[in-house]
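>>> Everything below, folded, please.
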Amino acid sequence: MKRRHFLTATSTVGAAALAAPALGQGRLSISIGNVWSQQTDGRGELAARLAARIEGLSGGTITVSTREFGGLASDTMLAALRAGEVNAVLGAEENWMELHPAFGVFTSLPGGLVERELEAWFRVGRGQDAWDTFAAEYDLKSHYIGDTGAEYAWTRAALTGTAMLDGLTVATRGLAADIYSALGARVRPQAAGVVNPGDVELAETGPVADTAQLPTLGFGHLTLATATRPSSALSLTFTKSSWDGLTEEQRRILEASAMAESHIVAAQGMKRNAVSKQIFRLVNSVSVTNAPQPVFDAMLEASRDRFSELEGQDDATRSLLREYRNFGEAVQVWTRVADAPFTLSRARNAAAG
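Residues are numbered from 1 along each chain as shown. From the prediction side, this is the model:
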């Protein structure tokens, strides 16, 4: 089965009066709850960098404080956001899957768009409009803030076939958890911001660079080209009511800051993941292989089934997934005729990859 082949195939939450960002004499003070600890490699640096960028672009009229949310349950983060304890959450949209599972689409849809395709859907497709419409039902407004790349499977023993997944203990999050469950695994969902998977047999908890310490915890096998988490998009989420309360200039500054950081996040993620993978190969500390074809095919089959289940839930989700599928079908045409042939030829002729 070809990658993403399956692509060819709500109720509202009552919103009380919510606390808005602190305003006064043309100045704005906002607090951002950060899912990742500042000590976390890669994504942990984003909150401080974003805060500095917002303050710089605003000329000091917007000040930003941060609060670490690492390891907290998503409902706790949502409660803090709605109560005005923080004005925004820096994390991933799958944090809100308890409201509706389709929020997971905006972080990583199994078998779906890879990172630059997902960004293209938001930027030049109808992805941001679809996102805004869907999230508004839950009084949320989110901004894409980059993608740290695909998340792959770390295992204690080599992943040899689909039978191995039956009964396997797996740490993952988002819609990927549904796929592993469908394949017979015992899933232990990981809280947002947690990379250390604990006592499990398969871990899929972050991009390669951010999980580079897992070999020291007994995960000696890295399986690439899985279908479960082809991207890991990050987001900055406000309540829609508080976002609407900002001035047009303040919204422009925050949007510009998010866009600027998204490019840096994506570039750094690509570099850090590639360097980490190369180190593993050079020091022979990790067995790096691609997913066996039967495993990949089974993951895509389960992904297609989950996509169909989501489509059948309600009109809002059906409309959202229709936009996703239409864009996915379009970009696959270009990937097939341009990107894929070039990438394969480069790998053969320049010993890349």
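
>>> low-confidence ranges in the stretch 1-150 of the chain?
For the stretch 1-150 of the chain, the stretches with pLDDT under 70 are 1-25, 39-41.

>>> Where do the helices of it begin and end?
Counting by DSSP state H, counting those that start in this stretch, the stretch 1-150 of the chain has helices at residues 46-57, 74-82, 115-123, 127-136.

>>> What is the third one packed up against?
The reference is to helix 115-123. helix 127-136, strand 140-147, strand 233-239, helix 248-283, helix 315-334 (3 or more Cβ pairs under 8 Å, 6 or more residues apart in numbering; DSSP states H and E). In this view, the C-beta of every residue, glycine as well, is placed from N, C-alpha and C.

>>> What residues sit buried inside it?
Buried residues in helix 115-123, counted by 16 or more other Cβ atoms under 10 Å: 115, 117-122.

>>> thinking again about what came up before, and the helices and strands packed on helix 115-123 as CSV, adding mean neighbour count and distance to Thr76?
Output for those, formatted as CSV (neighbours: other Cβ atoms under 10 Å; distance: least, Cβ to Cβ, whole Å):
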stretch, mean neighbour count, distance to Thr76
helix 127-136, 18, 19
strand 140-147, 24, 16
strand 233-239, 26, 14
helix 248-283, 17, 24
helix 315-334, 17, 25
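
>>> Nearest to Arg53, out of the ones you listed?
With distances scored as Cβ to Cβ, the stretch of the helices and strands packed on helix 115-123 nearest to Arg53 is helix 248-283 (4.6 Å).

>>> on that earlier part again, of all the helices and strands packed on helix 115-123, which lies closest to Thr216?
With distances scored as Cβ to Cβ, the stretch of the helices and strands packed on helix 115-123 nearest to Thr216 is helix 248-283 (12.3 Å).

>>> Strand 140-147 and the closest one, what's the angle between them?
40 degrees (axes from the mean of the first three to the mean of the last three Cα atoms, to 10 degrees).

>>> How far off centre is helix 248-283?
Relative to the chain's own centre, helix 248-283 is displaced by 13 Å; criterion: Cα atoms, centre = their mean, to the nearest Å.

>>> For the remainder of this discussion, apply numbering that starts at 580.
Okay, residue one is now 580; in that scheme the one you just asked about reads as helix 827-862.

>>> Counting by contacts, list what it packs against.
Counting by 3+ Cβ pairs under 8 Å, 6+ apart, helix 827-862 packs on helix 625-636, strand 641-647, helix 694-702, strand 719-726, strand 812-818, strand 866-869.

>>> pLDDT on the helix or strand hosting Arg925, on average?
According to DSSP states H and E, Arg925 maps onto helix 919-929. Helix 919-929 shows a mean pLDDT of 75.

>>> just for the stretch 780-929 of the chain, where's the confidence low?
Using pLDDT under 70, the stretch 780-929 of the chain drops low at 929.

>>> burial of Gly623, as a residue count?
Neighbours of Gly623 under the rule other Cβ atoms under 10 Å: 18.

>>> and it, how far is that from Asn863?
28 Å (Cβ to Cβ, to the nearest Å).

>>> ditto for Phe921
For Phe921 relative to Asn863 (Cβ to Cβ), the value is 30 Å.

>>> cool, and Leu813?
In terms of Cβ to Cβ, Leu813 sits 32 Å off from Asn863.

>>> Same check on Ser653?
Distance of Ser653 to Asn863, computed by Cβ to Cβ: 39 Å.

>>> who has more neighbours, those two?
Using other Cβ under 10 Å as the criterion, Ser653 and Asn863 rank with Ser653 on top: 23 against 7.

>>> who's in contact with the more buried one?
674-677, 770-771 (Cβ atoms under 8 Å, 6 or more residues apart in numbering).

>>> can we see that at 6 Å?
For Ser653, the contacting residues are 674, 677, by Cβ atoms under 6 Å, 6 or more residues apart in numbering.

>>> Present the helices and strands packed on helix 694-702 as CSV; the columns should include distance to Ala756.
Shown next, in CSV, are these (distance: least, Cβ to Cβ, whole Å):
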stretch, distance to Ala756
helix 706-715, 20
strand 719-726, 19
strand 812-818, 17
helix 827-862, 22
helix 894-913, 18
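
>>> Out of these, the one nearest Gly753 is which?
That would be strand 812-818 among these, by Cβ to Cβ, at 10.4 Å.

>>> For the helix or strand that the closest one is followed by, could you pull out the residues that count as buried?
The C-terminal neighbour of strand 812-818 among helices and strands, as given by DSSP H and E, is helix 819-823. If you call a residue buried by 16+ other Cβ under 10 Å, then helix 819-823 has these buried ones: 819-822.

>>> Excluding chain neighbours, what is closest to Ala881?
In space, and not counting its chain neighbours, Ala881 is closest to Ala761: 4.2 Å by Cβ to Cβ, 6 or more residues apart in numbering.
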